Structures are given as C-alpha cells and as structure tokens.
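> here's a sequence, model it:
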Amino acid sequence: MSASRRFVPIALLIAVLVAGAAWFLYRGRAAAPPPVPARPIVAAIRAEPRSFNRFVAGDRSTSLISQLVHARLVQLNHRTQEIEPALATKWTLDPDGRTYTLTLRQGVVFSDGTPFTADDVVFTFAALYDPKAEGPLASSLRVNGQPLAVRKIDAHTVVLTMPSSYGPGLRLLGSLPILPAHKLRDALARGEFAKAWSTATPPAEIVGLGPFVIRSYTPGERVELARNPRYGARGPDVQPAVERLTLRIIPSQDAERLAIEAGELDVMNSDIRPDDLKAMRGLAAAGKVRLFDLGPAVDEDALWFNLGPDARKPAAARPWLDRALRRAVAHAVDRAAFVNTVYLGAAVEADGPVPPGNKVWYSDKLPRYAHDLPLARQLLTTAGLKDVDGDGTFETSTGKPLAIELLTQRGNAIRERGAEVIAADLKAAGLTVNVVPLDIPALIDRLTKGTYDAAYFAISASDTDPSANLDYWLSSGSFHVWNPKQKTPATPCEAEIDTLIHELTGLTDLRERQARFSRVQQIIATELPTISFAAPSLMTATSTRVDGIEPSAITPYLLWRADTMRLAPPR
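Below is the predicted model:
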C-alpha cells in the first residue's frame, strides 16, 4: 500500500510537469511578437507636395505621388517611348482621325473596393476642365486650345473625341490620373474641387487605382505609402511587391548622398553629381549601391528672364525685355568652360531648348552663340544700358544701378554652381547679377507669382513629344515659364510658335511634325526667352536592397513604373 501511495503522486507529478511544460511552450508561441516587417523602401523627394490633387498642382512631388497612387488609361513606356495599355486595354480610331473608342479593363476596383467604371473616366474629364478648378494639367490636355470630349457607351466603354486631328494620339492621356467619382463628385458639384485632397486631407479619404495608397504625411519629413492590395490597373499578373514605400523629404543633394552612403536611402531623387561619381563608384564596387547609366539627358537646366507682367518694376528697370540683352547673355557665358566647371566635363554644350538626348526632336539647325565678351558689351549698349561712371559695370538707360536677381534651387549643387558661373561670366561682361538660392516651395511660389527677374532652373517634361507638353510650348500654357497663361500671344514670335505647335499637333507624319518643331526651336534660340548652356549625361543609383527597377532618362528616373519594384533577395 505504501509503495502504491508513493507511486501515484510521482506519476501525477510527471503528468503535471509535462502538461505544464506544454502549456508554457504553447503560451510562449502564442505570446511571441509578430515578425518585424521589413524596413520600407525609402525614396527621396526634394520638397513637400503642394497638394495630393494633381489637377491643381504640378510640382514634382505632387506629380510623383499621383503616379504612385493613381493610374491612367494608357501608360507611356519611358524606354520604348510608346504608349501601352493600362486601364484601357484596347482602342480603335474612327476614320475621322479624331474619335477613339476605348475598352476599359474589367474587374478593377479602387483602393477602397469601389468598382472602376466609365463613370470615373467621364467624371475625371469633367473635373479636369472645370472652370472653377482648372489647374496646370488642363492646359496640357487641350488640342488647338479646345478640350477633349468624352462620353460613356456602357460601364466599360468610353468614346473620346479630339477637337481636331492629333498626331501623338492617345499618348496625351499618359499624364492624366483617373479619379474616383464616388469620392470627389460632391466637391466638384459644390465648386470646391480645387480645395479637395489638400495635404491636410485624412489619407483614408484619398483613394486611387495605383500600386500604392497614402498611409500618412508628416510635413517637412515624409510621406508614407503602403501597397494597394486591390491594384489591378495593368492586369492581375502585375502586382506591387513592395509592402511599404517612404518618400523622405531631402531638400539637398549633399544630404541625399550622405543618406544613400549611410544606407538610409534606397532610391535617389535625381542624377548623381559629377563630383560624387568617384565616391558612388566606390560604393558600387563595395556592393552598397547599384548604379544606372541613363544616357544623355532629355531635359536641361536653362536660364530665363521674366518676360511677363511684374508689378514691382517698370519696363525701364527690366532691360531684359529687349532681346539684345538676352543675346548679350548668350554670348557672355563660355559654354565650354560651363561644361567643365559645372559638370566636370560630363555634359555637352547646348544652344537650344531641346538637348541632343531627345534624339527624335532635337534640331542641330540652330544659331550658335560663341563666347564673345566684346560683342556682349556691344549688345548691352544696344539694349540701352550705359556705363555711366566708367567702372566697367552697366547701369540702366536712366543711369540707375542695375542688379539682376537670379533665382535658383537651393540644395541642388549643379544649379547653384551653374547660377554662380553665369553670374561670374555676366559680371565680366558688365552686368551685376545676384544669385538667390531658394527652397523649392519658395522658388515655385516666386515663379508662379511672377515676382522675379530671372531664374536658372528646369521644367521636366513628362514626355519627349512636344505635343504632350503643350502647357510649356503654348503661350497660354501654365508652364510657359517666361510668360505663362497669356490670353493672347504677347509677341508675333509667340503667335508663330503657337501656330506651329498647333500644326504639328494635328499632323501624323513624323517628318512634317519634326520640321515644324525645328522651326519652333529656331525661334526660341533666336528670341532667347530661355537660354541653354549645357546638357548633362545622367547617372543615378539605388541601394542594393532594391530590385526590379526600370530606369529611364525621363523623370521620375526610377519610379515611373513602381509596380515592378521589389526587395532584392538576401545576399
């Protein structure tokens, strides 16, 4: 009996111990923290977005976020320069050469689960051309100054009619994000569409058809995005692999370089400065970054003078309104030295508004401006300037001191250095130029308001075809930087450019279109509303965490097709 009594407690004890161990193991498994999600891919942007509504703001940050959050009917392939199906899977053109019937992709839903239909396409065009909200995008989506017409046939078919024949066809739609009617219809009806989707809007209210959705926005710091699990704009086989994407606001190239060197940044915003190439090649050799040679630039930085209204100054205090002064500037800057000083030789000289990298549209039949200081001083005299006190520096025709304020982008070393070289060369010719670097928001504000003398900056094109950038070339365009939004052309040359652009936009024969655009470039290079000096060769980089990138020389260089981006497998 005693042995039996001793055996039973031992057996029970073993059972309790086994059960207890199992319970603790179970508890341990149940209470284990979830796996730590992978660090988001971090991409740089230069400035805060001015809005989350691409229809009312055209800055680079707003445009990039629009590309990530929204989808388009067709997508421009930056590599082939041809359009590809997106929300529209196919289309036909009527014999009139103006009317397209588009078949929309079925089964696509917005990020909140609402089905995408033809009603959203019709609504998008209504919002685009709303007179109370018409913003920078609308002027680029007009043909011969007239809006496109769109009508619904059924839930997945729309008919789009151009006002007249349009040579580039549907590539015009490559910049148009399709918006959710169910979210924005009321704002449009109230006449408040221009206020919709500001940066203060709760992210959950901003829905789209793109590969990402906005999670949060911290002003001055970052925009956090997450994968859109309902993405279907390019079909069910194309799904974003990146769970989280951070757009970190890094205003300067110096800070951007340090961030990618430290492993804090995965996708650069801009091209690599020539000064940094040696260090970046060293990082690539060490396996820390992946370099991309984008080839010759299709855009270029340029100098332009404010030729529009400026309530601050009378015409007598703005001698750059005279073409002779602008010609003096073109001759005063030594382009060969500019290439070597600003770009350390990684560029080619430029005299016109389209760089050689845009092979289809570049014209080499332009006037050239050799470096000639005596001629530059003679032209300044022709413009009415005088060296009153004989000190070698020119004053205005009334004898008052003349100092030109030249705005440029703070934190962009190439633009800051370029502006300083321009100022030094113009000083040698007798002009006083004060360079004023500004952060992007302040710079855009000054340019938009027309309260400036001159700027050294760039307006990046979304397409190499000039007809896809009508807002830049037409005098009525919102990005016609030297004198935007003209009700009627200010000069006969502006009127001729308008006519040529309208003509080439209506033609389908490429040679005829090129001939007219060559004439446009000749006018620009003769009248000099913008003055070009150099066009760089481009290189950029990502961290080795990133794979699937499709680089291009058109901005955004690395994120234009973000749905192919993925984390690289561990090494």
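
> all strands of the stretch 201-350 of the chain, in order?
212-218, 222-227, 244-249, 289-296, 302-305, 347-349 (DSSP state E, counting those that start in this stretch).

> other residues contacting the first one?
Okay, so that is strand 212-218. Contact with strand 212-218 is made by 49, 52, 65, 68-69, 111, 199, 203, 206-207, 223-228, 240, 244-245, 562, as judged by C-beta atoms under 8 Å, 6 or more residues apart in numbering. Yep, even glycine has a C-beta here, placed from its N, CA and C like the rest.

> partners of that strand, with directions?
strand 222-227 (antiparallel) (DSSP bridges).

> so what angle separates the directions of the strand it pairs with and strand 244-249?
Going by axes from the mean of the first three to the mean of the last three C-alpha atoms, to 10 degrees, strand 222-227 is angled at 160 degrees with respect to strand 244-249.

> rounded mean pLDDT for strand 222-227, please.
Mean pLDDT, strand 222-227: 98.

> that strand: how far from the chain's middle?
18 Å (C-alpha atoms, centre = their mean, to the nearest Å).

> swap in stretch 99-106?
The answer for stretch 99-106 is 27 Å, by C-alpha atoms, centre = their mean.

> again with stretch 420-428
The answer for stretch 420-428 is 29 Å, by C-alpha atoms, centre = their mean.

> tally of neighbours for residue 261?
Residue 261: 16 surrounding residues under other C-beta atoms under 10 Å.

> so it touches residue 283, yeah?
Yes - with contact defined as C-beta atoms under 8 Å, residue 261 and residue 283 form a contacting pair (6.4 Å).

> how much space separates residue 386 from residue 398?
Between residue 386 and residue 398 the computed distance is 9 Å (C-beta to C-beta, to the nearest Å).

> same deal with residue 353?
For residue 353, the distance to residue 398 - C-beta to C-beta - is 33 Å.

> same thing with residue 102?
60 Å.

> repeat for residue 475
Taking C-beta to C-beta, one finds residue 475 at 30 Å from residue 398.

> higher neighbour count, these two?
Taking neighbours as other C-beta under 10 Å, residue 475 and residue 398 compare with residue 475 leading, 21 against 12.

> reduced to three states, what does the more buried one come out as?
coil (DSSP: H, G, I helix; E, B strand; the rest coil).

> show me the contacts for it.
Residue 475 neighbours (C-beta under 8 Å, 6+ apart): 483, 486, 488-490, 494-495, 497-498.

> turn those residues into a markdown table, columns for neighbour count, distance to residue 317 and secondary structure.
A markdown table is the format used below for the contacts of residue 475 (neighbours: other C-beta atoms under 10 Å; distance: C-beta to C-beta, whole Å; DSSP: H, G, I helix; E, B strand; the rest coil):
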| residue | neighbour count | distance to residue 317 | secondary structure |
| --- | --- | --- | --- |
| 483 | 20 | 17 | coil |
| 486 | 17 | 22 | coil |
| 488 | 9 | 25 | coil |
| 489 | 17 | 24 | coil |
| 490 | 15 | 19 | coil |
| 494 | 22 | 23 | helix |
| 495 | 14 | 27 | helix |
| 497 | 24 | 27 | helix |
| 498 | 23 | 29 | helix |
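
> closest to residue 454 among those?
Nearest to residue 454 among the contacts of residue 475, counting by C-beta to C-beta, is residue 483 at 13.0 Å.

> and that closest one, how far is that from residue 355?
Distance from residue 483 to residue 355, by C-beta to C-beta: 23 Å.

> and if you look at residue 259?
With C-beta to C-beta as the criterion, residue 259 and residue 355 are 29 Å apart.

> settle it for me: which of the two has more neighbours?
residue 355 (23 against 18).

> need the three-state assignment for the more buried one.
coil.

> quick check: residue 49 touching residue 56?
No - when contacts are counted by C-beta under 8 Å, residue 49 is not listed as touching residue 56 (11.3 Å).

> neighbour count: the two, which is higher?
residue 49 (26 against 22).

> residues contacting the more buried one?
57, 59, 61-62, 65, 199, 217, 223.

> likewise residue 346?
274, 277, 536-537.

> closest one to residue 319 out of those, please.
Nearest member of those to residue 319, counting by C-beta to C-beta, is residue 536, at 30.5 Å.

> so what's the closest one closest to, chain neighbours aside?
Distance criterion C-beta to C-beta, 6 or more residues apart in numbering; nearest residue to residue 536, sequence neighbours excluded, is residue 347 at 4.2 Å.

> where does the stretch 451-571 of the chain have low pLDDT?
The model of the stretch 451-571 of the chain has no residue with pLDDT under 70.

> can you list the residue ranges for strands in it?
Using DSSP E, counting those that start in this stretch, strands in the stretch 451-571 of the chain cover 454-457, 530-532, 534-543, 546-547, 566-567.

> return the set of residues that bridge with residue 349.
residue 534.

> tally of neighbours for it?
16.

> who's in contact with it?
Here residue 349 is in contact with 335-336, 338-339, 533-534 (C-beta under 8 Å, 6+ apart).

> try it again with 10 Å
Taking C-beta atoms under 10 Å, 6 or more residues apart in numbering, we find residue 349 in contact with 334-336, 338-339, 356, 368-369, 532-535.

> can you check residue 331 too?
Here residue 331 is in contact with 369-379, 425, 429 (criterion: C-beta under 10 Å, 6+ apart).

> so what pLDDT did the most centrally placed residue in the chain get?
The residue lying closest to the centre of the chain (C-alpha atoms, centre = their mean) is residue 60, at 4.0 Å. We have a pLDDT of 90 for residue 60.

> wait, it sits on residue 269?
Yes - using C-beta atoms under 10 Å, residue 60 makes contact with residue 269 at a distance of 8.4 Å.

> ok, back up a step: highest neighbour count among the contacts of residue 349?
Most surrounded of the contacts of residue 349: other C-beta under 10 Å gives residue 533, at 28 neighbours.

> could you measure from that residue over to residue 414?
Taken as C-beta to C-beta, the span from residue 533 to residue 414 is 12 Å.

> same check on residue 364?
Residue 364 is 24 Å from residue 414, by C-beta to C-beta.

> neighbour count: the two, which is higher?
Per other C-beta under 10 Å, whichever of residue 364 and residue 414 has more neighbours is residue 414, with 21 against 10.

> and the more buried one, what element?
helix 413-429 (DSSP states H and E).

> in which helix or strand would I find residue 50?
Element membership for residue 50 (DSSP H and E) is empty, with no helix or strand holding it.

> surely it meets residue 61?
Yes - the pair residue 50 / residue 61 is scored as a contact, 7.3 Å apart, by C-beta under 10 Å.

> intersection of neighbour lists for the two?
199, 440-441.

> in those residues, which residue is surrounded by the most others?
residue 440 (22 neighbours).

> quick one: buried residues of the helix or strand following the helix holding residue 414?
Per DSSP H and E, the first helix or strand lying C-terminal to helix 413-429 is strand 432-438. By neighbour count with 16 or more other C-beta atoms under 10 Å, strand 432-438 contains the buried residues 433, 435-438.

> where exactly do the helices run in the stretch 201-350 of the chain?
Using DSSP state H, counting those that start in this stretch, the helices of the stretch 201-350 of the chain run over 253-261, 277-285, 323-332, 335-342.

> can I get the third one in PDB, CA atoms only?
Pointing back at helix 323-332 there. C-alpha atoms of helix 323-332 as PDB (Å, rounded to 0.1, in the frame of the first residue of the first chain):
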ATOM      1  CA  ARG A 323      16.200  90.800 -77.000                       C
ATOM      2  CA  ALA A 324      19.600  92.500 -77.300                       C
ATOM      3  CA  LEU A 325      20.300  92.000 -73.600                       C
ATOM      4  CA  ARG A 326      19.300  88.300 -73.800                       C
ATOM      5  CA  ARG A 327      21.700  87.900 -76.800                       C
ATOM      6  CA  ALA A 328      24.400  89.500 -74.800                       C
ATOM      7  CA  VAL A 329      23.900  86.900 -72.000                       C
ATOM      8  CA  ALA A 330      24.100  84.100 -74.600                       C
ATOM      9  CA  HIS A 331      27.400  85.400 -75.800                       C
ATOM     10  CA  ALA A 332      28.800  86.200 -72.400                       C
END
